[in-house]
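A.B. asks: Quick one, structure for this:
(chains A and B)
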Amino acid sequence: ETGVTQTPRHLVMGMTNKKSLKCEQHLGHNAMYWYKQSAKKPLELMFVYSLEERVENNSVPSRFSPECPNSSHLFLHLHTLQPEDSALYLCASSQDTSGREQFFGPGTRLTVL
Amino acid sequence: GENVEQHPSTLSVQEGDSAVIKCTYSDSASNYFPWYKQELGKRPQLIIDIRSNVGEKKDQRIAVTLNKTAKHFSLHITETQPEDSAVYFCAASPADSSYKLIFGSGTRLLVRP
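C.D. replies: Predicted coordinates for the structure are as follows:
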């Protein structure tokens, strides 16, 4: 597997469920990102990690909890979500955080019932 | 913070015609401006980028121009083909937080055969 991968590709969950999204990059990059893509805000930055340290938390509600155990893996833990959280969640990575190309994963389509 | 405006939101052109998408940004210190293409159901992918020390960059049928004084940059696609149909996003990277890409709202381009 090359590039940036995400699992699952589709997820349906109830508002009381707890689930996790996983992202893995095979590019040797040091920075990883979570974006939310919806009709209202097409590409909205949520979190940025550089060398496993969080450098940006873009006013995201606490029901979204990121985790970066190493530079190749990024998780987004979800709990007590709302229907308006339904969106495509995209992971991306870049070589570093100095303004370079970001490589996106295929996304997880999340539906909250 | 940085704000990026993108126009038009939709653009329909005849195959073979040119397409132009324009973006303006608010932070004069921004220094990196990528363009991403997202085909239906696919991930965003970088198609061209430009840095603030350059006024124009070209790659085959696509070109980007940057006007730092006016704080706007544009994507030009010549000899459009049906496979150019997609959503195009511009972005700007603020100099003081270069790990961030602030995206425009996207332009849906339709190339009619």
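A.B. asks: in the chain, which helix or strand is least confident?
C.D. replies: Answering for chain A, as no chain was given. Across the helices and strands of chain A, mean confidence by mean pLDDT, DSSP states H and E is lowest for strand A:53-57: a mean of 79.
A.B. asks: if you could check chain B rather than the one you did, that'd help
C.D. replies: strand B:102-103 (a mean of 92).
A.B. asks: Paired strands for it, with orientation please.
C.D. replies: Next to strand B:102-103 in the sheet, as set by DSSP bridges, lie strand B:86-92 (antiparallel).
A.B. asks: all strands in the chain, in order from the N-terminus.
C.D. replies: Just going to use chain A. A:4-7, A:10-13, A:18-25, A:31-37, A:44-50, A:53-57, A:64-70, A:73-79, A:87-94, A:103-104, A:108-112 (DSSP state E).
A.B. asks: wrong one, I was asking about chain B
C.D. replies: B:4-7, B:10-14, B:19-25, B:32-38, B:45-51, B:56-59, B:62-67, B:72-77, B:86-92, B:102-103, B:107-112.
A.B. asks: In chain B, what residue comes closest to chain A?
C.D. replies: For chain B, the residue closest to chain A is B:Tyr99, as judged by Cβ to the nearest Cβ, at 3.3 Å. Using the backbone N, CA and C atoms, a C-beta is placed for each residue, glycine as well.
A.B. asks: Need phi/psi at the nearest residue to that residue once chain neighbours are set aside.
C.D. replies: Spatial nearest neighbour of B:Tyr99, excluding adjacent residues (Cβ to Cβ, 6 or more residues apart in numbering or on different chains): A:Thr97 at 3.3 Å. Here is the backbone geometry of A:Thr97 (degrees, to the nearest 10): phi -110, psi 30.
A.B. asks: Could you verify my assumption that A:Thr97 touches A:Ala31?
C.D. replies: Yes - the criterion here is Cβ atoms under 8 Å, and A:Thr97 meets it with A:Ala31 at 4.7 Å.
A.B. asks: where do the contact lists of these two overlap?
C.D. replies: A:48, A:50, B:99 (Cβ atoms under 8 Å, 6 or more residues apart in numbering or on different chains).
A.B. asks: In contact with A:Asn57: list those residues for me.
C.D. replies: A:Asn57 neighbours (Cβ under 8 Å, 6+ apart): A:46-47.
A.B. asks: ok, 10 Å please
C.D. replies: By Cβ atoms under 10 Å, 6 or more residues apart in numbering or on different chains, A:Asn57 lies in contact with A:45-48, A:64, A:66.
A.B. asks: now B:Leu75
C.D. replies: Here B:Leu75 is in contact with B:6, B:19-23, B:33, B:35, B:37, B:47-48, B:50, B:62-65, B:88-90, B:107, B:109 (Cβ under 10 Å, 6+ apart).
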